[in-house]
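Novice: I would like to see how this sequence folds:
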Amino acid sequence: MTAPAAPTLLPVLALVLATFFWGSSFLTISTALEETNPLTLVLCRFGTAAFLLALALRGRIRAIPASTWKGGAWCGLAIYCCYTANTAGLMTIESSMSGFLTALYVPLTPFLYWIVYGRTPSKAAFAGAGLAFAGLVLLANPFTLSLSNNWGEWVTILSALLSAAEILIVGKFAPQAKPAELAFAQLVFVTLFAALGLGVAMAAGVPLKETVWSPVVLGSIAWLAVIVAFVQVLLAYGQRYVPPGRACVIFAMESVFAAALGWLVGERLGVGGLAGGLCIVGGILLSELPALFKRTRK
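Specialist: Numbers count the residues shown, from 1 in each chain. Just a heads-up that it's a prediction; the model follows:
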């Protein structure tokens with residue numbers, strides 16, 4: 001599971017860019033859910049993304065090794081469960097609450113890494129995760145949020161735990177696979193799991209909102225597919241070099257970008273939000289200090 005040495009900061013920048021696209025997707029998901037249901041949205045989003053990446057890979061698909069498909073299956077299962085749980089939670093809670101509860105994966109990931117692999121993350125990773133989570137608390141301002149103990153909140157907390165597991169699983173397989181190929185395998189399996197989940201739900205008579213195939217829904221699916229295809233390649237590349245304990249801190253930038261984009265469209269950020277954003281950036285710098293010192297010595 002040891003990540004190969006990266007010659008530059010490009011893997012870190014790739015993860016930061018991925019969080020930017022993540023942060024830009026919250027509003028699009030909420031808009032799409034007004035005219036569709038979570039299971040259909042996840043299926044269409046990842047199915048379209050898999051098709052787009054297949055066009056990019058073309059003849060290289062047959063050459064993807066079995067180990068990459070295996071990694072894609074495990075990663076795909078974690079991603080499907082995570083995205084479905086998080087999207088379902090957004091049906092009953094506000095995006096601000098979802099953003100805060102989802103961010104619990106930041107402090108959870110180093111501990112989960114410790115429990116699963118028996119390897120203690122660096123002190124810098126723990127300190128960076130703590131500072132980043134403090135920033136998330138300031139950014140989300142949970143003291144103004146009202147926990148109503150509804151199922152959407154618990155499902156979103158579950159999605160945070162699944163996010164931590166996903167980071168560990170991708171971190172396990174990414175160092176041995178080509179980023180685009182691993183991303184494609186992930187998308188294929190997420191699509192398969194989503195189709196199976198939707199089929200089971202329909203057969204069981206689960207009441208799902210009927211999808212209205214309006215320009216808004218189609219446009220949302222197209223944009224979300226472009227985001228997820230690009231993001232999965234960035235993640236597969238970035239986590240090839242950046243271990244899970246550091247990666248989870250970088251992923252906290254998702255909330256910073258979401259807040260910044262909200263501010264651009266008229267939402268109030270406030271002093272707490274600015275302080276929170278600075279704490280998250282500080283947490284990333286803190287977690288990256290050991291790697292920066294190593295590069296400086298070289």
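Novice: for stretch 213-224, C-alpha coordinates in CSV please.
Specialist: What follows is stretch 213-224, C-alpha atoms only, in CSV (Å, rounded to 0.1, in the frame of the first residue of the first chain):
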residue,chain,number,x,y,z
TRP,A,213,-36.9,14.2,-18.2
SER,A,214,-36.8,17.9,-18.5
PRO,A,215,-33.9,20.0,-19.9
VAL,A,216,-32.9,20.8,-16.3
VAL,A,217,-32.6,17.1,-15.4
LEU,A,218,-30.8,16.2,-18.6
GLY,A,219,-28.4,19.1,-18.3
SER,A,220,-27.7,18.3,-14.6
ILE,A,221,-26.9,14.7,-15.5
ALA,A,222,-24.6,15.7,-18.3
TRP,A,223,-22.7,18.2,-16.1
LEU,A,224,-22.5,15.8,-13.2
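Novice: give me the buried positions along that stretch.
Specialist: Within stretch 213-224, the residues that count as buried by 16 or more other Cβ atoms under 10 Å are 217, 220-221, 223-224. The way it works is simple: take the backbone N, C-alpha and C, and place the C-beta from them, glycine included.
Novice: out of these, which one sits closest to Q186?
Specialist: L224 (15.4 Å; Cβ to Cβ).
Novice: how far away is the closest one from G199?
Specialist: In this structure, L224 and G199 are 21 Å apart, going by Cβ to Cβ, to the nearest Å.
Novice: what's the answer for L53, then?
Specialist: Taken as Cβ to Cβ, the span from L53 to G199 is 23 Å.
Novice: next: V281.
Specialist: From V281 to G199 the distance is 44 Å (Cβ to Cβ).
Novice: same question for G128.
Specialist: If you go by Cβ to Cβ, the gap between G128 and G199 works out to 42 Å.
Novice: burial measure for the residue nearest to A103 when sequence neighbours are not counted, as a count.
Specialist: Distances taken as Cβ to Cβ, 6 or more residues apart in numbering place L136 nearest to A103, at 4.2 Å, with adjacent residues excluded. Other residues near L136 come to 26 when the count uses other Cβ atoms under 10 Å.
Novice: so for V281 and G199, which residue has more residues nearby?
Specialist: Legend: neighbour count by other Cβ under 10 Å for V281 and G199, higher for V281 (16 against 12).
Novice: for that one, pull up the helix or strand it's in.
Specialist: helix 270-297 (DSSP states H and E).
Novice: so for that helix, mean pLDDT?
Specialist: Here helix 270-297 scores 68 as its mean pLDDT.
Novice: repeat for stretch 190-209
Specialist: 90.
Novice: residues contacting it, please?
Specialist: Stretch 190-209 has contacts (Cβ atoms under 8 Å, 6 or more residues apart in numbering) with 35-37, 39-40, 42-43, 46-47, 50, 76-77, 79-80, 83-84.
Novice: going by neighbour count, which residues of it are buried?
Specialist: Under 16+ other Cβ under 10 Å, the buried positions of stretch 190-209 are 190-194, 197-198, 201.
Novice: can you pull the buried residues of stretch 42-50?
Specialist: So stretch 42-50, judged by 16+ other Cβ under 10 Å, has buried residues 42-50.
Novice: so which of the residues you listed belong to helices?
Specialist: Judged by DSSP state H, helices contain the following of the buried residues of stretch 42-50: 42-50.
Novice: any idea how far L136 lies from T102?
Specialist: 9 Å.
Novice: check contacts around the residue lying closest to A134 once chain neighbours are set aside.
Specialist: Closest residue to A134 apart from its sequence neighbours, by Cβ to Cβ, 6+ apart: C279 at 5.3 Å. Counting by Cβ under 8 Å, 6+ apart, C279 makes contact with 131-132, 134-135, 138.
Novice: what's the closest of those residues to A229?
Specialist: The nearest one, if we look at the contacts of C279 relative to A229 and count by Cβ to Cβ, is A132, at 26.7 Å.
Novice: surely that closest one meets G277?
Specialist: No: contact criterion Cβ atoms under 8 Å: A132 and G277 do not qualify, at 10.5 Å.
Novice: neighbour count winner among these two?
Specialist: Of the pair A132 and G277, A132 is the one with more neighbours under other Cβ under 10 Å, namely 30 against 22.
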